[in-house]
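Novice: can you look at this prediction? I've put the sequence above it.
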Amino acid sequence: MPWTDSSLFLSTIQIIIMSYFKIPSKGPIGVFDSGYGGLTILKEIKKLMPEYDYLYLGDNARTPYGTRSFEVVYGFTLQAVRKLFDMGCPLVILACNTASAKALRSIQQKDLPYLDNTRRVLGVIRPTVECIGNMTKTRHIGILATSGTIKSESYPMEIKKLYPDISVTGMACPMWVPLVENNESDSEGADYFVKKYIGNLLDKDSEIDTIILGCTHYPLLINNIRRFTPNHIKLITQGEYVAESLKNYLYRHPEIEERCIKKGSCNFITTESVEKFKESASIFLQEDIEVRSVTLE
Ligand code: DGL
């Protein structure tokens, strides 16, 4: 459905009336990432649950988040959640490991109570970790992620809670997100950095038989990553697991599910220019999309 100014105006009026009378408002499911990476999650969620409305927010003007401090990632992510709440989302998925690692817990525990305790914010790390129990035979797994996610130790901590027998080795891949954001996924430069980080990871632990791609941008480099990873090693991308986990969450939380609009629409907002976002996102999504530019503050 085209995203016109009048439909936006009507939904804003609706939000104001509903909040005045304290009626829980309905809206799209919000999906947030620092840039294009969250599209790999959105794609799988839409595939599994095409009936819902979605609103994707990419903070493309300030990407990458992976090398930024805890305070900065937390501040940016909180602004994004506020924006998606303001635009009516009853539920926001942080389709970004860096934001999930550095901001999710604080937002859930500290900010939601005063922002709006009837809405929810979920991340992508827990659903990914839940799936690995049966996948590794050697019980040695590798995590490839941004420097921020690796430094936060979120993956080893979550894995330890569920599978204390699994040994986890992380490797930061700081060049991969800029390669994706700048459409350089198929270049010689990408080959060099993909080979390098995978080599570094396997040098640290040669018994690894399963690698989690712990950054939502990395599936956009999957062909290169597969090429430089020994065949016996399984590569885990997060989209399907996050989608399954969201479906399950909505089933268990009818009070949230009832507030998610089901008209099958999907709209996009970006902190960058509309043209830039459209060009790059359409290549990946292979469809024409409606985009608006927003400011986060
Ligand atoms: N795609 C995000 C993640 O999963 C963030 C990448 C970045 O902005 O550095 O970590």
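Specialist: Received, thanks.

Novice: quick one: low-confidence parts of the stretch 101-250 of the chain?
Specialist: For the stretch 101-250 of the chain, applying pLDDT under 70 flags no range at all.

Novice: get me the contact residues on this structure for the ligand.
Specialist: Within the chain, the positions adjacent to the ligand are 33-35, 37, 63-66, 96-98, 146, 149, 177, 215-217 by Cβ under 6 Å from any ligand atom. C-beta here means a position set from N, CA and C on the backbone, and glycine is covered the same way.

Novice: just the buried ones from the residues you listed, in PyMOL syntax?
Specialist: Buried residues within those, by 16 or more other Cβ atoms under 10 Å, are selected in PyMOL with:
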select buried, resi 33+34+35+37+63+64+65+66+96+97+98+146+149+177+215+216+217
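
Novice: which of the residues of the chain next to the ligand fall in helices?
Specialist: Counted as lying in helices by DSSP state H, out of the residues of the chain next to the ligand, are 97-98, 149, 177.

Novice: redo those residues as TSV? Include distance to Arg226.
Specialist: Formatted as TSV, those follow (distance: Cβ to Cβ, whole Å):
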residue	distance to Arg226
Asn97	20
Thr98	23
Thr149	21
Val177	19
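
Novice: closest to Gln238 out of these?
Specialist: Of all those, Gln238 sits closest to Asn97, with 8.0 Å by Cβ to Cβ.

Novice: mind listing what the closest one touches?
Specialist: Residues near Asn97 by Cβ atoms under 8 Å, 6 or more residues apart in numbering: 123-125, 145-146, 149, 154, 214-216, 238.

Novice: a markdown table for the residues you listed, including distance to Lys110?
Specialist: Output for the contacts of Asn97, formatted as a markdown table (distance: Cβ to Cβ, whole Å):
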| residue | distance to Lys110 |
| --- | --- |
| Gly123 | 15 |
| Val124 | 20 |
| Ile125 | 18 |
| Ala145 | 24 |
| Thr146 | 23 |
| Thr149 | 21 |
| Ser154 | 17 |
| Gly214 | 24 |
| Cys215 | 25 |
| Thr216 | 24 |
| Gln238 | 26 |
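
Novice: from those, which land in strands?
Specialist: Among the contacts of Asn97, the residues falling in strands (DSSP state E) are Ala145.

Novice: picking up where we left off before, of the ones in helices among the residues of the chain next to the ligand, closest to Asp288?
Specialist: Val177 (25.6 Å).

Novice: chain neighbours aside, what residue packs nearest to the closest one?
Specialist: Leaving aside its chain neighbours, Val177 sits nearest to Pro64 (4.3 Å; criterion: Cβ to Cβ, 6 or more residues apart in numbering).

Novice: just checking, that neighbour touches Thr146?
Specialist: Yes: between Pro64 and Thr146 there is a contact under Cβ atoms under 8 Å: 7.0 Å.
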